[in-house]
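Chemist: just a sequence and a predicted model for now, questions to come.
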Amino acid sequence: MPDQHAAEATYLGIDVGTSATKAVVLASDGTVVARSRVPHPAARGAGAGRADPSAWRTSITAAVLALAPHTATVG
């Protein structure tokens, strides 16, 4: 018997790039439900070849929170 909740499954993808964090919510069929992009320019101020992880954490949190209005509450 197929899982009745399978059609409701969504997946979160996060890409921390050099200048921004991008996040996407995908439906189980691959359809994009929502996407966001949050820059983290402060991450580059740590010097050549270095990045500030707190800037990444802040941009990841903001990118995921931006998707919240487009997703269902997990219960």
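Modeler: Structure's in. What do you need?
Chemist: make it CA atoms for all contacts and neighbour counts henceforth
Modeler: OK.
Chemist: state the helix or strand in which the spatially most central residue of the chain lies.
Modeler: By CA atoms, centre = their mean, the chain has its centre lying nearest to Ala23, at 2.6 Å. Taking DSSP states H and E as the definition, one finds Ala23 inside strand 20-27.
Chemist: show me the strands paired with that strand, marking each as parallel or antiparallel.
Modeler: Using DSSP bridges, strand 20-27 pairs in its sheet with strand 10-16 (antiparallel), strand 32-39 (antiparallel).
Chemist: right, so those strands: which one is the most enclosed?
Modeler: Per residue and on average, the most neighbours among the strands paired with strand 20-27 fall to strand 32-39, with a mean of 17 (mean count of other CA atoms under 10 Å).
Chemist: how close does the nearest residue to Arg37 once chain neighbours are set aside sit to Ala34?
Modeler: Distance criterion CA to CA, 6 or more residues apart in numbering; nearest residue to Arg37, sequence neighbours excluded, is Lys22 at 4.4 Å. Here Lys22 is placed at a distance of 11 Å from Ala34 (CA to CA, to the nearest Å).
Chemist: can you check Pro69 too?
Modeler: Noted for Pro69: a distance of 9 Å to Ala34, by CA to CA.
Chemist: equivalent analysis for Gly13, please.
Modeler: 11 Å.
Chemist: which ones are touching Pro39?
Modeler: Ser19, Ala20, Thr21, Ser59 (CA atoms under 8 Å, 6 or more residues apart in numbering).
Chemist: what distance separates the host helix or strand of Trp56 from the centre of its chain?
Modeler: Element membership for Trp56 (DSSP H and E) is helix 53-67. Put simply, helix 53-67 sits 8 Å off its chain's centre (CA atoms, centre = their mean, to the nearest Å).
Chemist: that helix - what's its average pLDDT?
Modeler: Per-region confidence: helix 53-67 scores 92 on mean pLDDT.
Chemist: what does stretch 25-34 give?
Modeler: Computed over stretch 25-34, the average pLDDT equals 92.
Chemist: distance from that stretch to the middle of the chain?
Modeler: 13 Å.
Chemist: and it, what's buried?
Modeler: Val25, Leu26, Ala27, Ala34 (16 or more other CA atoms under 10 Å).
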